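Sequence and computational prediction follow.
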Amino acid sequence: MKGHYEMTNDARQRTIRIAMSGKFDAKIMRAWADEYRKLTDWYNGQPHLVLADMRGLTPNLPEVGHILGEAIGYARARGVACCVHISDDTVQRLQVARMARHASSGDDRTIDVSSLEEAEKVLIEKRRLLGSDRPVVR
């Protein structure tokens, strides 16, 4: 199945929501990365959260993984306080975990969960820690 993604910015909850599935080629991943950077830039470096639902995403070829890893690094350098990952493929999950470690030493920002319900609970907890009930100043 060809790679597919959806991305939304829930500014009120300071959360970028991403869903990715299928097999990404470099062209699709570059489009994904461009959109992700734009949503990240919306926060002007202020702390925000990411929910990355990667159920159905296949492991990436090295070139495609490199594009993903660069986008992760870009976002983490610009305010991502926590990224909650959902994945149903062990190899893909390990691949993204490796990229996240390269993007932020020790990777203290990624939390792997097993369901959307668990992800939402983690996000609620992280929003409280961020004090993200305050509006984003743009």
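Yes, it's here. Residues are numbered from 1 along each chain as shown.

which stretch of helix or strand covers the nearest residue to Tyr74 once chain neighbours are set aside?
The shortest distance from Tyr74 to any non-neighbouring residue, by Cβ to Cβ, 6 or more residues apart in numbering, is to Arg37 (5.7 Å). In this view, the C-beta of every residue, glycine as well, is placed from N, C-alpha and C. Using DSSP states H and E, Arg37 sits in helix 26-42.

Would you map the strands across this structure?
4-10, 15-21, 48-53, 80-86, 110-113 (DSSP state E).

And the second one, how far out from the chain middle?
Looking back up the chat, that one is strand 15-21. Here strand 15-21 shows a centroid-to-chain-centroid distance of 7 Å under the convention Cα atoms, centre = their mean, to the nearest Å.

need the strands of the chain in CSV with mean pLDDT, can you?
Listed next are the strands of the chain as CSV, based on pLDDT from 0 to 100:
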stretch, mean pLDDT
strand 4-10, 97
strand 15-21, 97
strand 48-53, 96
strand 80-86, 93
strand 110-113, 89
